[in-house]
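A.B. asks: Sequence plus the predicted model coming up.
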Amino acid sequence: MSSWFPMLTVLSMFYYICLRRRARLASRGDMINSRRAIETNSRAMPMCVEAVQYAKEILDFSSHYGSENSMSYTMWNLAGAPNVYPSSGDFTQTAVFRMYGKWWDQCASSPPPFNRTSPSFFSQDYVELAFEEPVYPTAVHILETYHPGSVVKILACSANPYSQTTPTEVRWETIWSGEPTCVNSPQARQFTPCIKEIDFPTNLLRLETNGTLLDYYTELDAVELHGVKEKPMLSLKTGKIDMNDLDDDEYEGKDGCGIDCLSNQFSSSSLREWTNNGYFDKLPYELIQLIISHLALPDLCRLAQTCKLLYQHCCDPLQYTQLSLQPYWATLNDASLEYLLPRCTLVQWLNLSWTGNRGFISTSGFSRLLKVCGSELVRLELACGHFLNEACLEVIAEMCPNLQELNLSSCDKLPPQAFSHISKLCGLKRLVLYRTKIEQTTLLSILNFCPEIQHLNLGSCVLIEDYDLIASVIGAKCKKLRSLDLWRCKNITEKGLRELAAGCPLLEELDLGWCPTLHSGTGCFTNLARKLTGLRKLFLTANRSVCDSDIEELAANCQNLQYLDILGTRMVSAAALRKLLECCKELKLLDVSFCSQIDSRVVQEFTSRYPNVSIKKSFTQ
């Protein structure tokens, strides 16, 4: 027998293992359907034409700058072909989110962040777009017309929003993600990230954004979805073989790391019997708890599988006093909550924002969770929780007697009668009702029974009929109020503002942006400046009547002012702003966009003289 035979045998076995490994990888994507594809080492791609679609409809979003009753600066402008691109600048026909920059989170009305938030979760806002035809995506073009760079994630959904049948499974797949960026130029651009191939057709995309690093509001004009109707075949390249592919254990029997695998990762039956825990046996219990407190939730799940000692630590309810499940919204469901229940007995802060939609969380699943953790809960974040109904709010009122903070931002599918249960939460200090359908009678009841409120957001609450009455009751009942958001309330007048200022002397933040019924000639802004000397944030956005005397009163009385927005006024001169900048030494933000008397030369002068103040002046071209 030839001496080469053993070597040939080894080479044959090596070649067989490589082909077996490649076949396994291919079968995961249903790619291998012919021996010829392997032999020719070619890309088997169906011959079909790429389709290009613009969004047909906007299904959901977390916030927008515009009104609920118009199209200016709203998310609905993302539907259809571009209105502005390739032009750059500030245009009302675009989609604009409510926040930008880091300063927003530095205000007193902004709650502190949760501990143990996933370091890879950057999203602050989102918008979901439906397209006409399901396709396998090949490219996504996002047309950004002003201050680009906010998009941090693009996801595709397996569910067809126009299908008549309810899908048995709804799956979200991230096709691109990145960290927040700062684009030096505010000019328009077409953002086309390199997306990942997916194994299902989609006509539902979700964009998630983070404007923390942006200098001003980002504006989106349209989204193009490119794709093919038939499933593309991934390439098979057997010419080059990566030695790492020989590790069969890498893909076989691998547990997922998402929140949907909590049942496997927290299962004590899967733990090995370890006889020695190394030096961990010598560490104090408290020290181990401190070490693992720095882990994100999926990492905590993984660590729980290593040994019984660490399993005990990872399941200690003290590790879950703050629990943010928002980063895992795409896979969080009733089963996930069920496996978390034994660990949630000491939860004080709970974040379920964005979770549970499309049937992922049921009323019963949510109720079981609150029955376990409700007695200790002091903060509950439920922004965009479209699974919520009246029964859920009733459970919150019954099970959370110590609740101090409740966020129902953009829960626009909650029926008006559901909000009546909030009045039972007498200890509330922070209540966010932005873009909800709360009615006036219900809100009056809440204000009467919740006198401890310090932060109240009523922005874009379109069903409230008389904001003067609301402001009067706030002034009479909520003496501890520190921040009030009345963004886009349509009917508050100088009467309501006067009673508000007289009754709430501790107010530090007041948002009266886009309130058209307030007029400087009535003296309402002068009175505001004289009564609320502790103001740190004041938004008078798009009030064209704001004049020099109002600015001078602010300069004389509100010297702690940090954030001032007078976008759109025609009556304020450069001289009045100079006086404001000289008197208000703590001023950080001054928005003078579309102020006709403040040109770019004045802005340049102010920027050079007051480098600590961020002066905003938008443009169109």
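C.D. replies: That came in fine, so what should we check first? Because the structure is a prediction, the values reported are computed rather than measured.
A.B. asks: Pass me the low-pLDDT residue ranges in this protein, would you?
C.D. replies: 1-47, 234-278, 621 (pLDDT under 70).
A.B. asks: Tell me where the longest strand sits in it.
C.D. replies: In the chain, with assignment by DSSP state E, the single longest strand is strand 125-146.
A.B. asks: next structured bit after that one?
C.D. replies: strand 151-157 (DSSP states H and E).
A.B. asks: which parts of the helix or strand just after that following strand are buried?
C.D. replies: Remark: after strand 151-157, the chain's next helix or strand is strand 172-177, criterion DSSP H and E. Residues 172-173, 175-177 are the ones in strand 172-177 that count as buried (16 or more other CB atoms under 10 Å). (Glycine included, C-beta is placed from N, CA and C.)
A.B. asks: Would you map the strands across the stretch 301-450 of the chain?
C.D. replies: 322-324, 349-351, 379-381, 405-407, 430-432 (DSSP state E, counting those that start in this stretch).
A.B. asks: Can you tell me which helices and strands the fourth one packs against?
C.D. replies: What that stands for is strand 405-407. Secondary-structure packing of strand 405-407 (3 or more CB pairs under 8 Å, 6 or more residues apart in numbering; DSSP states H and E): strand 379-381, strand 430-432.
A.B. asks: Would you mind telling me which of these is nearest residue 152?
C.D. replies: strand 379-381 (19.5 Å; CB to CB).
A.B. asks: Identify all contacting residues around that closest one.
C.D. replies: By CB atoms under 8 Å, 6 or more residues apart in numbering, the surrounding residues in contact with strand 379-381 are 111, 324, 326, 348-353, 396, 400, 403-407.
A.B. asks: distance between that strand and the chain's centre?
C.D. replies: 15 Å (CA atoms, centre = their mean, to the nearest Å).
A.B. asks: circling back: any chance of the buried residues of strand 172-177 in CSV, plus distance to residue 437?
C.D. replies: Formatted as CSV, the buried residues of strand 172-177 follow (distance: CB to CB, whole Å):
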residue, distance to residue 437
172, 27
173, 32
175, 33
176, 34
177, 33
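A.B. asks: biggest separation within those, which pair?
C.D. replies: 172 and 176 (13.1 Å).
A.B. asks: Let me see the ranges of the helices in the stretch 301-450 of the chain.
C.D. replies: Secondary structure of the stretch 301-450 of the chain (DSSP state H, counting those that start in this stretch): helices located at 308-314, 334-340, 363-373, 390-399, 440-449.
A.B. asks: What residues of the third one count as buried?
C.D. replies: Judged by neighbour count (16+ other CB under 10 Å), helix 363-373 contains these buried residues: 363, 365-367, 369-370, 372-373.
A.B. asks: name the helices or strands packed onto that helix?
C.D. replies: helix 334-340, helix 390-399.
A.B. asks: Need the residues that contact the longest one.
C.D. replies: Helix 390-399 is touched from outside by 363, 366-367, 370-371, 374-375, 377, 380, 403, 406, 414-415, 417-419, 421-422, 424-425, with contacts defined as CB under 8 Å, 6+ apart.
A.B. asks: Among the residues you listed, the buried ones, what's the ChimeraX command?
C.D. replies: Provided next is the ChimeraX selection string for whichever of these are buried by 16+ other CB under 10 Å:
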select :363,366,367,370,374,377,380,403,406,414,418,419,421,422,424,425
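A.B. asks: related to what we said a few turns ago, just send the helices and strands packed on helix 363-373 back as TSV, with distance to residue 576 and mean neighbour count too.
C.D. replies: TSV is the format used below for the helices and strands packed on helix 363-373 (distance: least, CB to CB, whole Å; neighbours: other CB atoms under 10 Å):
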stretch	distance to residue 576	mean neighbour count
helix 334-340	55	18
helix 390-399	47	18
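A.B. asks: now residue 449, nearest residue through space, not along the chain?
C.D. replies: Spatial nearest neighbour of residue 449, excluding adjacent residues (CB to CB, 6 or more residues apart in numbering): residue 423 at 4.4 Å.
A.B. asks: Tell me how many other residues surround the one you found.
C.D. replies: By the criterion of other CB atoms under 10 Å, residue 423 has 18 neighbours.
A.B. asks: so it makes contact with residue 451?
C.D. replies: No: Residue 423 is beyond contact range of residue 451, at 11.4 Å (criterion: CB atoms under 8 Å).
A.B. asks: what about residue 593, helix or strand, and which?
C.D. replies: Counting by DSSP H and E, residue 593 is found in no helix or strand.
A.B. asks: coming back round to it: now the buried residues of helix 363-373 as a markdown table including distance to residue 290?
C.D. replies: Shown next, in a markdown table, are these (distance: CB to CB, whole Å):
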| residue | distance to residue 290 |
| --- | --- |
| 363 | 37 |
| 365 | 32 |
| 366 | 32 |
| 367 | 34 |
| 369 | 27 |
| 370 | 29 |
| 372 | 25 |
| 373 | 23 |
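A.B. asks: returning to what we had before: quick one: buried ones out of the contacts of strand 379-381?
C.D. replies: Here, 16+ other CB under 10 Å leaves 324, 326, 349-353, 396, 400, 403-407 buried among these.
A.B. asks: now the strands of the stretch 301-450 of the chain in a markdown table, with distance to residue 613?
C.D. replies: As requested, those are exported to a markdown table (distance: least, CB to CB, whole Å):
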| stretch | distance to residue 613 |
| --- | --- |
| strand 322-324 | 34 |
| strand 349-351 | 34 |
| strand 379-381 | 32 |
| strand 405-407 | 31 |
| strand 430-432 | 29 |
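A.B. asks: Residue 570: which of the ones you listed is closest?
C.D. replies: Nearest of those (CB to CB): strand 430-432, 33.0 Å.
A.B. asks: give the contact list for residue 114.
C.D. replies: 322-324, 349, 351.
A.B. asks: Relative to residue 197, which of the residues you listed is nearest.
C.D. replies: residue 324 (30.7 Å).
A.B. asks: my guess is the closest one meets residue 111, correct?
C.D. replies: No: counting by CB under 8 Å, residue 324 stays clear of residue 111, with 11.7 Å between them.
A.B. asks: residues in contact with residue 478?
C.D. replies: 447, 450-451, 453, 456, 503-504.
A.B. asks: how does it look with 10 Å?
C.D. replies: Listed by CB atoms under 10 Å, 6 or more residues apart in numbering, the contact set of residue 478 reads 447-448, 450-454, 456, 484, 500, 503-504, 506-507.
A.B. asks: Equivalent analysis for residue 410, please.
C.D. replies: So residue 410 contacts 60-64, 98, 125, 353-354, 382-386, 432-436, 460 (CB under 10 Å, 6+ apart).
A.B. asks: before we move on, what about residue 316?
C.D. replies: 285, 288-289, 292, 343, 346.
A.B. asks: if I look at it, how far off is residue 115?
C.D. replies: From residue 316 across to residue 115, the span is 15 Å (CB to CB, to the nearest Å).
A.B. asks: what do you get for residue 475?
C.D. replies: 36 Å.
A.B. asks: And residue 371, by the same measure?
C.D. replies: Taken as CB to CB, the span from residue 371 to residue 115 is 24 Å.
A.B. asks: now swap in residue 494 and tell me
C.D. replies: 44 Å.
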